[in-house]
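Peer 1: how would this look folded up:
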Amino acid sequence: MLPGHPRGLVRPRPGRLRLAWGLVATAVVGALTLTLVLSGPSTPPAVAAPRPLAVETDSTPVPLHRMAELATALAGADDAPRLRKGTHVRSWSLGMSDDKPPITLPEERIVRWRADDSHTELVVATDPRYPGRPVLSDEGGDPHLVDDGHVLLDRTYPPSWSDAPPMSPPPRDPARLRAYLTEAQYTDTPLTTPELLDATATLLDNWTLGARESAALARLLAGAEDLRPVGRVTDRLGRSGQAYVNDSRGVRRMLIMDPATGAVLGLESTLTRPEPEFGVEKGDVMSYSAWMR
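Peer 2: Model (predicted):
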């Protein structure tokens, strides 16, 4: 059962998050607005786009190398969390079509793997900002309202196995983890910081990291260029985090890390410049993921 939500779990459909970021990076956003109202006069409007996370003005930024040191110190504890294949993530990701305004679709996804290498996947439409209210979905191809907790996918997959990233277990060494993430992004060139953050999302969409893997990731991120600390935020699940941002090609990616463990909690992508010809405003949220254990 989900904390604070009695009916479900969820995430975006595979590929939508990467697609949205790619389109933004090339300024090809066929957008008129980032909200969509699909309701009658007696129904509360369903607003699809969440507001960007706000950094607390009185907070002190914590350098990434300090987070890496913290994560490394905790990795050797006997009761430290262990690596687990599968994920539990809530997300808001941009959905677009050729003839309709884009909408940000709130979903939650949980994937669990079994000892025989089979796995289950459950995806539901839910928005923790508005528990119990109707949720926007593009199930079936047309945006429409569904009940909060509406099951979009509930499937069991037969045994399967792969030794290629991101299906193979991630390494616990930063250098080897970089090579792993590079392969997971289907490239043989060094990852830029935006690409590294995208690869981090790919990793966390497939694995729930243990303390040692989180430490390796924190150490890798600490060496990334132009990923700067900005202070404390409260994420969309009410968790306190330290935020780190990278601005590249009109998109700001904000990484949120747990100040107590150095683990990655979330990743947000917002526009840093308006595109009036597409009806897209500066600060519009293009995607967001919040990972849980």
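
Peer 1: next, the buried residues of stretch 217-228.
Peer 2: For stretch 217-228, a neighbour-count test (16 or more other C-beta atoms under 10 Å) marks Leu217, Ala218, Arg219, Leu220, Leu221, Ala222, Ala224, Leu227 as buried. Quick note: C-beta positions are derived from backbone N, CA and C, even for glycine.

Peer 1: okay, strands next: where are they in this protein?
Peer 2: According to DSSP state E, the chain carries its strands in the segments 84-95, 103-113, 119-125, 135-137, 144-146, 150-157, 207-208, 228-234, 240-248, 251-257, 264-271, 285-292.

Peer 1: can you tell me the average pLDDT over the longest one?
Peer 2: To tie it back to what came earlier, the one meant is strand 84-95. For strand 84-95, mean pLDDT is 89.

Peer 1: what helices and strands are in contact with it?
Peer 2: helix 16-25, strand 103-113, strand 207-208, strand 285-292 (3 or more C-beta pairs under 8 Å, 6 or more residues apart in numbering; DSSP states H and E).

Peer 1: which residues of the stretch 151-293 of the chain score low on pLDDT?
Peer 2: 276-280 (pLDDT under 70).

Peer 1: how about the contacts made by the closest residue to Arg114 other than its chain neighbours?
Peer 2: Closest residue in space to Arg114, ignoring its immediate chain neighbours: Thr120 at 7.8 Å, by C-beta to C-beta, 6 or more residues apart in numbering. Contacts for Thr120 (C-beta atoms under 8 Å, 6 or more residues apart in numbering) come out as Val111, Arg112, Arg114, Arg155, Thr156, Tyr157.

Peer 1: ok, so of those residues, who is nearest Asp247?
Peer 2: Checking those against Asp247 by C-beta to C-beta gives Val111 as the nearest, at 31.5 Å.

Peer 1: surely the closest one and Glu121 touch.
Peer 2: Yes: counting by C-beta atoms under 8 Å, Val111 does reach Glu121; the two are 4.9 Å apart.

Peer 1: re earlier: and Leu196, which of the strands of the chain is closest to it?
Peer 2: Once the strands of the chain are compared by C-beta to C-beta, strand 240-248 is nearest, at 8.9 Å.

Peer 1: tell me what that closest one is packed against?
Peer 2: The contact analysis (3+ C-beta pairs under 8 Å, 6+ apart) places strand 240-248 against helix 193-204, strand 228-234, strand 251-257.

Peer 1: so which of those is the most surrounded?
Peer 2: Highest mean neighbour count among these (mean count of other C-beta atoms under 10 Å): strand 251-257, with a mean of 23.

Peer 1: which residues touch that strand?
Peer 2: 21, 24-25, 53, 67, 194, 197, 200, 218, 221, 227, 230, 233, 235, 241-246, 263-272, 286.

Peer 1: tilt between it and strand 285-292?
Peer 2: 20 degrees (axes from the mean of the first three to the mean of the last three C-alpha atoms, to 10 degrees).

Peer 1: tilt between strand 251-257 and strand 264-271?
Peer 2: 160 degrees.

Peer 1: tilt between strand 251-257 and strand 240-248?
Peer 2: Using the same axes, to 10 degrees: strand 251-257 against strand 240-248 is 150 degrees.

Peer 1: hang on, the earlier thing: wait, which of the strands of the chain is closest to Leu177?
Peer 2: That would be strand 207-208 among the strands of the chain, by C-beta to C-beta, at 11.5 Å.
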